[in-house]
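Asker: please work out how this folds:
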Amino acid sequence: IVDYLKTGWTRPQLLGLFAAAGLTPRGALRTTKSPAVELGLTDPSVDDDAILAAMLAHPVLVNRPIVCTAKGVRLCRPSETVLDLLDRLPPGPFAKEDGAPLIDPEGRRVG
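Answerer: Residues are numbered from 1 along each chain as shown. Alright, predicted model coming up:
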């Protein structure tokens, strides 16, 4: 677990995560609950280098969670996509933040 809001990111960290997840800086840009709009980063003319520099200065600009396991690296949005990266599912029942069921009481994925 990287407490990125506290420690920040390094350029190699972000480039490595993005490459492993098949993302670009723009694809990993968090546009809600972040200063992305105020900084002008959502403008299509802003290049990936500028977005990456802004992410280094403002760690909250990186969308999350980015999860790394032996099965791969992925930006887990929606959050249930993290289940694809786990070796085993957590015991059920298990639900999303909004209460939608993800794992039934028998430990099987819902949906």
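Asker: name the element the spatially most central residue of the chain belongs to?
Answerer: Central residue check for the chain by Cα atoms, centre = their mean: the C-alpha nearest the mean position is that of R64, 2.7 Å away. When elements are assigned from DSSP states H and E, R64 belongs to no helix and no strand.
Asker: quick check, it in contact with R30.
Answerer: Yes - between R64 and R30 a contact is recorded at 7.2 Å, counting by Cβ atoms under 8 Å. The C-beta positions use only the backbone N, C-alpha and C, and glycine is treated the same way.
Asker: enumerate every residue touching P78.
Answerer: With contacts defined as Cβ atoms under 8 Å, 6 or more residues apart in numbering, P78 is in contact with K96.
Asker: what is the burial count for D98?
Answerer: D98 has 6 neighbours, counted by other Cβ atoms under 10 Å.
Asker: measure it to K33 for me?
Answerer: Applying Cβ to Cβ, to the nearest Å, one obtains 17 Å for the distance of D98 from K33.
Asker: and for R74?
Answerer: Note on R74: its distance to K33, by Cβ to Cβ, is 21 Å.
Asker: please apply the same query to V73.
Answerer: Distance of V73 to K33, given as Cβ to Cβ: 23 Å.
Asker: repeat that for P65.
Answerer: 14 Å.
Asker: so for these two, which sits in the more crowded spot?
Answerer: The residue with more neighbours, out of P65 and K33, is P65; 15 against 7, by other Cβ under 10 Å.
Asker: burial count for the closest residue to the more buried one other than its chain neighbours?
Answerer: Distances taken as Cβ to Cβ, 6 or more residues apart in numbering put C76 closest to P65, at 5.1 Å, once the chain neighbours are dropped. A total of 18 residues lie near C76 under the criterion other Cβ under 10 Å.
Asker: which residues does C76 contact?
Answerer: With contacts defined as Cβ under 8 Å, 6+ apart, the neighbours of C76 are 65-67, 82, 85.
Asker: so for T42, what's the pLDDT?
Answerer: According to the model's per-residue confidence, T42 sits at a pLDDT of 97.
Asker: might one say that it is in contact with T31?
Answerer: Yes - at 5.9 Å, T42 and T31 qualify as touching, with contact defined as Cβ under 8 Å.
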